[in-house]
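>>> Give me a model of this one.
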Amino acid sequence: MSESQLSVNNRALKLVDKLCAEAGRFGVTVTEAKSGATIIDAGIEAKGGFLAGKILTEICLGGLGEATLFHAKYGDVELPSISVFTANPAIATLGSQFAGWHIKVGDYSAIGSGPARALALKPKSIYTMIEYRDKSDKAVLALETSREPSEEAIEYISSLCGVEPENLFLILVSTSSVAGFTQISGRVVETGIHKLTTLGFDPKLIKHAHGYAPIMPVHPNHSVAMGRVNDAIIYGGSTCCYVEFGGSDETLKVLAEKAVSSASAQYGRPFIEIFKESGCDFYKIDPNIFAPAIIMINNVNTGRTFKAGRLKFSMIEESLS
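Numbers count the residues shown, from 1 in each chain. Next comes the predicted model:
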C-alpha cells in the first residue's frame, strides 16, 4: 500500500459513510453538533447492536482489518463471537484501535480510540515506535462514554487533531451495550500485540495477525459489564501473530509464555473481583492480566510456531453467573 492508502482516517471514513448511509440497519442515530461535527450514537440512546459493533471494530482498525461475527462453544456455553484479521497489525491496532486517548474536558470524560489518535499523536511514544503518522483533513474517533460530548470537548478534540470541527466524526458507544461489548471483544488482537510490545517485542516485525473472542451477554451495571468484557479476552480470547524474526526461536517461545493472561498472579478469578478490589482503578491492577488467554507466534522465517495459554471455560461460565 502507498502512504496515502495507509491513511487510517481516510480509510475509516469510507466505513463511517456506510454507517451513516445505513443508520437504520446498524441501529445508530446520526446528528450534527452546533460546531458541525458529526455525532453517531451507536449504543447510548440508540439501539446499536452486533452489526454496529462489527463495523465500529473495523473503523477503529482504521480500515486496515476485517471483522467477522460467528458463534462458538465455550465449554457448555454457546456465545456470539468476533474474529479479526489484519495485514497491517502495528498500524491497525497500536496506531489506530488502541484505546490510548483519555479525554477530560470540564465535566466531560471519555476514552478515545481509533484513527484520530494518529493525528493527535495520543500517545506520541506509540507513533515514534511504529514509525507512523497519519495525514488527513478529516478525523474519526470512537468515544467510550455515557453521553454526548460538549462543544468544548469537540473543539478540544478537533484542535488536537488539526481539523475543522465540521470534519470531525465522533462515534459514541457505551460499555454496557451490545455494540460496546462487540467492539471490545474485537480488540483481542490489539490486546495481544500491545502485550507483546510491552514485553519488548518490536511490533513492526508482526506482518499478519488474527484472533477471536466471545461476545458476552450485556449487563446494565457498569462494574459487571466491565468484568464481563475483560473476562471475554482474558479467559476466552486468542491471538495469533505471524512475525519476521531473525533472532533465536527460543526468544519467541519465552515471549509467548509471558504474553498470555495466565502469566499474571491475578489470573483465575473473575475480573469483577479484581476490579472491585482495586477500587475500580485500572492502574492498581496487575498489567499482566490484560492479555488474551492464548497467544500463538509463527516465525515465517523458520516456520516454527509457539503457543502458550489456554481457554478457561469455567471462568466464562462464572462471569455469566
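
>>> show me where pLDDT drops low in the stretch 1-150 of the chain?
1-5 (pLDDT under 70).

>>> Let me see the ranges of the strands in it.
With DSSP state E, counting those that start in this stretch as the criterion, the stretch 1-150 of the chain has strands at 29-32, 38-41, 65-74, 77-86, 101-105, 108-113, 139-144.

>>> Quick check: which of these is buried the most?
Burial of the strands of the stretch 1-150 of the chain is given as mean neighbour count (mean count of other CB atoms under 10 Å); strand 139-144 ranks first at a mean of 28. Just so you know, the C-beta spots here come from the backbone N, C-alpha and C atoms, and that holds for glycine as well.

>>> quick one: contacts of that one?
Strand 139-144 is contacted from outside by 9, 12-13, 16, 56, 59-60, 99, 101, 103, 110-117, 119, 149, 157-158, 161, 163, 167-175, 180, 183, using CB atoms under 8 Å, 6 or more residues apart in numbering.

>>> Just the buried subset of those residues, written out for ChimeraX, thanks.
Those of the contacts of strand 139-144 that count as buried under 16 or more other CB atoms under 10 Å are selected in ChimeraX with:
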select :9,12,13,16,56,59,60,99,101,103,110,112,113,114,115,116,117,119,149,157,158,161,163,167,168,169,170,171,172,173,174,175,180,183
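
>>> Can you flag which of the contacts of strand 139-144 belong to helices?
Residues of the contacts of strand 139-144 located in helices (DSSP state H): 9, 12-13, 16, 56, 59-60, 117, 119, 157-158, 161, 180, 183.

>>> Which parts of the stretch 151-300 of the chain are helices?
151-161, 178-185, 188-198, 222-236, 249-258, 271-277 (DSSP state H, counting those that start in this stretch).

>>> can you pull up the bridge partners for residue 172?
Counting by DSSP bridges, residue 172 is bridged to residue 41, residue 143.

>>> Residue 214 now?
residue 81.

>>> Need the per-residue pLDDT for residue 182.
Residue 182 carries a pLDDT value of 98.

>>> so who does it touch?
50, 52-54, 56-57, 69, 80, 82, 215 are the contacts of residue 182 under CB under 8 Å, 6+ apart.

>>> ok, the nearest residue to residue 199 once chain neighbours are set aside to residue 311 distance?
In space, and not counting its chain neighbours, residue 199 is closest to residue 258: 5.6 Å by CB to CB, 6 or more residues apart in numbering. Distance from residue 258 to residue 311, counting by CB to CB, to the nearest Å: 18 Å.

>>> Among those two, which residue is more densely surrounded?
A direct count of neighbours by other CB atoms under 10 Å for residue 258 and residue 311 places residue 311 higher, at 19 against 16.
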